[in-house]
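**Q** Give the three-dimensional model of this entry:
(4 chains)
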Protein chains: 2
Amino acid sequence: MEDHLEMTMDELLPLRDVVFNTLRKAILTGELKPGERLLEIHLANRLGVSRTPIREAIRKLELEGLVNMIPRRGAEVAQITEKSLREVLEVRRALDALCAELACDRITPEEEERLKQACDEFERATETKDATTIAAADVALHDIIVQATGNRRLIQLINNLSEQMYRYRFEYIKDENRHDNLIDEHRMIYESIIRRDKEKAAAAAKLHIDNQERFVIRQISLEQERNAHHKKM
Amino acid sequence: MEDHLEMTMDELLPLRDVVFNTLRKAILTGELKPGERLLEIHLANRLGVSRTPIREAIRKLELEGLVNMIPRRGAEVAQITEKSLREVLEVRRALDALCAELACDRITPEEEERLKQACDEFERATETKDATTIAAADVALHDIIVQATGNRRLIQLINNLSEQMYRYRFEYIKDENRHDNLIDEHRMIYESIIRRDKEKAAAAAKLHIDNQERFVIRQISLEQERNAHHKKM
DNA sequence: AGTACAATCATTGTATACAAAATGCAATTA
DNA sequence: TAATTGCATTTTGTATACAATGATTGTACT
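**A** Modelled structure (predicted):
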C-alpha cells in the first residue's frame, strides 16, 4: 500500500490542526477507507509527528462523526450506511431550505451577482465533463447561498453535514444524464432567491436534496452489494 | 475562589471523556464563567489527572463551540453574545419544526402515551415553582419528541444546540408569568402531533422557540449591560 | 486434531519531560 | 514621567516514556 498522506505544512497552524485537516481530507477523498483502523503510531510516522497531535486530531474527527471510537481499540474511519446518509440528508433538507429562505432576506447585491455568475460557471463546468471541475463549481455555488445567510452557526453545520457526502458526490456528478437537471435546479433556486420568493426557494432547495438522495442511496446500495459479494470470495 | 469541579468517576470511561463531561457541565451550569481561561495545569491539578486527558477534552469542547481557542494562549469559555444566541435559535427553530413534523410520522403509541404524561408532569412541575424541577420536566418533554424522530444525527444536533442555552434556561423558567403560556404551548405541540397535523405541529414548535428567543435575548441584554457597568467601576 | 491456557506482542491510555512562544515586570533611557 | 528593551515566569505545543489492556500465537494436554 502506497501511503503518502501529504501534509500541507502551514507553518503557523498548530500541528494538531494540520493533522486534523490532513486526516479529514484523506477520509473524504477515500484515501482512508471506511472501516480502516487509524493506528496512532503509523499515522505519526507517516506524517512525521508524535502521537500527541494525532490523538488530538482524532478527538475532533470523532466529534465530527468521521471516525468511530472503540474503547481500548482506537479509532476507525466511520462507515457510511444507507441509514446514516438518510439521516444526514433529512437534516440537510431542512437546513438547506432554511438557507434559501434566509438568503431571500439577507443576500446582498454583490452576492446576487456572484450567485448569477456561479450559475453560469456551473453550466460551463458541465460542458467540460470533468468531475472535479463540476464538483468545484457546485460547491462554489452552494457556498454563496450558505454564506448569504450570515449565520455562522448555520454555515458551520451545513459544511459539516455536506462533508459526510463528499465521498459520493463524485459518483453523483459524473452522471451526465443528470447535468441538465442540475442546471435547472440551480437556476430555480437562483431565480427564487432574487425574486425574494421564500416558499419557492425552500421548495427548490428541498427538491435539489431529494434528487441527490435518490441517486446517492442507489450508489450506496450498489457499493454495499459489491462489498457483500467481495467478502464471500 | 472555591473550586471543586467534582468528577463522577465512571471507572470504565476513559479519563478524557470523564473530563469532557465534567468541564461541559461546569460550563453549562456557569461554574466556569464565560471568558474564563482554561489553564491546563490548574484543571489537571483540580481533577487529579495529567494534562493529556485535559487537552483531549478541550479539543472536543472546542468543536462543540463551548470554548474558544486562542493560538498559543489556550482555551477560554465561549462568550454567549446576543448574536450567537440568535444564530443558534434560528437553526433550532428550523430543526425543532422538523422534529415536530417527523414525530407526526413516526411517533409510536408508547411514545404518544409518554408525551401525554410528560405534558401533565410539566403542568404539575410548574405548580412546585421550583426551577430545577420545571427545567427537568421541560427537558424530558422535549426529549420525547426529539427521540420520536428516530434520527440519531438530528438528535445529536438538537442536543448540542440546546446546550448553548442551558445557562439561560433557568432564568427563563423562573418567570412565573410565562408558566401558563408554556403549558399551552406544550399542549399545542402535543395535540398537533397526535392528530398528525404536521403544519400545526411545526408552527407550534416555532412559536415555542420564538417566545423563548424574545425572553432570553432580553435576559442577555440585561446581563451585558450589567457587565458593561461593572467594568467601568 | 482440537481446545484451553499461557506468554508475548501490539496498541491504546496516561503521565511526564522538554521546547518554544507569549506575557508581565522591572530597569534603564530619553 | 513615559516608553522600550530585556529577562524571568508562565503556559502552551510537542515528544517520549511508562502502564495497562487486548489480541495473537504457540504449546501442551486431552
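**Q** out of everything not next to it in sequence, what's closest to the residue sitting nearest the centre point of chain A?
**A** With distances taken as C-alpha atoms, centre = their mean, the residue of chain A nearest its centroid is residue A:163 (2.8 Å). By the measure of C-beta to C-beta, 6 or more residues apart in numbering or on different chains, the closest residue to residue A:163 outside its immediate chain neighbours is residue A:28, 6.2 Å from it. Quick note: C-beta positions are derived from backbone N, CA and C, even for glycine.
**Q** tell me the pLDDT at the one you found?
**A** Looking at residue A:28, its pLDDT reads 90.
**Q** what sits against it?
**A** A:66, A:163, A:166-167 (C-beta atoms under 8 Å, 6 or more residues apart in numbering or on different chains).
**Q** Redo those as TSV? Include secondary structure.
**A** Conversion of the contacts of residue A:28 to TSV gives the following (DSSP: H, G, I helix; E, B strand; the rest coil):
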residue	secondary structure
A:66	coil
A:163	helix
A:166	helix
A:167	helix
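**Q** Between the residues you listed, which sits nearest DNA strand D?
**A** Here the nearest of the contacts of residue A:28 to DNA strand D, counting by C-beta to the nearest atom of the strand, is residue A:66; it sits at 19.8 Å.
**Q** What distance do you get for the closest one to DNA strand C?
**A** Taken as C-beta to the nearest atom of the strand, to the nearest Å, the spacing of residue A:66 relative to DNA strand C amounts to 16 Å.
**Q** neighbours around that residue, how many?
**A** Burial measure for residue A:66: 23 neighbouring residues, criterion other C-beta atoms under 10 Å in any protein chain shown.
**Q** Ok, residue A:127 next?
**A** Residues lying near residue A:127 (other C-beta under 10 Å) number 10.
**Q** Same check on the one 3 residues further on?
**A** The criterion is other C-beta under 10 Å. On that basis, residue A:130 has 13 neighbouring residues.
**Q** Please identify the residues of chain A in proximity to DNA strand D?
**A** By C-beta under 7 Å from any atom of the strand, the residues of chain A that approach DNA strand D are A:14-16, A:49-53, A:71-73.
**Q** Just checking the distance from the helix or strand hosting residue A:211 to the centre of its chain.
**A** Following DSSP states H and E, one finds residue A:211 within helix A:198-232. Distance, stretch centre to chain centre, for helix A:198-232: 13 Å (C-alpha atoms, centre = their mean, to the nearest Å).
**Q** For that helix, which residues meet the burial criterion?
**A** Residues of helix A:198-232 classed as buried by neighbour count (16 or more other C-beta atoms under 10 Å in any protein chain shown): A:198, A:200-209, A:212-213, A:215-216, A:219-220, A:223.
**Q** likewise stretch A:98-116?
**A** Neighbour-count burial for stretch A:98-116 flags A:98-104, A:107, A:111-112, A:114-115 (criterion: 16+ other C-beta under 10 Å).
**Q** and those residues, which two are the farthest apart?
**A** Across these, no pair lies farther apart than A:98 and A:114, at 20.4 Å, counting by C-beta to C-beta.
**Q** Next, count neighbours for residue A:195.
**A** Using other C-beta under 10 Å: residue A:195 sits among 11 other residues.
**Q** how far away is it from residue B:80?
**A** Applying C-beta to C-beta, to the nearest Å, one obtains 36 Å for the distance of residue A:195 from residue B:80.
**Q** same check, this time on residue A:109
**A** Residue A:109 sits 32 Å away from residue B:80, going by C-beta to C-beta.
**Q** Name all residues that make contact with the residue in chain A that DNA strand C sits nearest to.
**A** For chain A, the nearest residue to DNA strand C under the criterion C-beta to the nearest atom of the strand is residue A:74, separated by 3.0 Å. Under the criterion of C-beta under 8 Å, 6+ apart, the contact list for residue A:74 reads A:37-40.
**Q** hmm, 10 Å instead?
**A** By C-beta atoms under 10 Å, 6 or more residues apart in numbering or on different chains, the contact list for residue A:74 reads A:37-40, A:55, A:58, A:67-68.
**Q** Within range of DNA strand C, give me the residues from chain A.
**A** Taking C-beta under 7 Å from any atom of the strand as the measure of proximity, chain A contacts DNA strand C at A:37-41, A:51-52, A:55, A:69, A:71-75.
**Q** if we go to 10 Å?
**A** On the criterion C-beta under 10 Å from any atom of the strand, DNA strand C has as its neighbours in chain A the residues A:11-12, A:37-44, A:50-52, A:54-55, A:58-59, A:69-76.
**Q** quick one: which of the residues you listed sit in strands?
**A** Among the residues of chain A next to DNA strand C, the subset assigned to strands under DSSP state E consists of A:37-38, A:69-70, A:74-76.
**Q** could those residues go into JSON lines alongside pLDDT?
**A** Conversion of those to JSON lines gives the following (pLDDT from 0 to 100):
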{"residue": "A:37", "pLDDT": "96"}
{"residue": "A:38", "pLDDT": "97"}
{"residue": "A:69", "pLDDT": "95"}
{"residue": "A:70", "pLDDT": "93"}
{"residue": "A:74", "pLDDT": "95"}
{"residue": "A:75", "pLDDT": "97"}
{"residue": "A:76", "pLDDT": "97"}
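**Q** Top of these by number of neighbours, please.
**A** Of all those, the highest neighbour tally under other C-beta under 10 Å goes to residue A:75, namely 24 neighbours.
**Q** is it true that it touches residue A:63?
**A** No - contact between residue A:75 and residue A:63 fails when scored by C-beta atoms under 10 Å: they sit 11.8 Å apart.
**Q** returning to that earlier point: what pLDDT does the residue nearest to the centre of chain A get?
**A** pLDDT for residue A:163: 88.
**Q** surely it meets residue A:78?
**A** No - at 11.1 Å, residue A:163 and residue A:78 do not qualify as touching, with contact defined as C-beta under 10 Å.
**Q** So for these two, which residues contact both of them?
**A** In terms of C-beta under 10 Å, 6+ apart, residue A:163 and residue A:78 are both contacted by the residues A:27, A:64-66.
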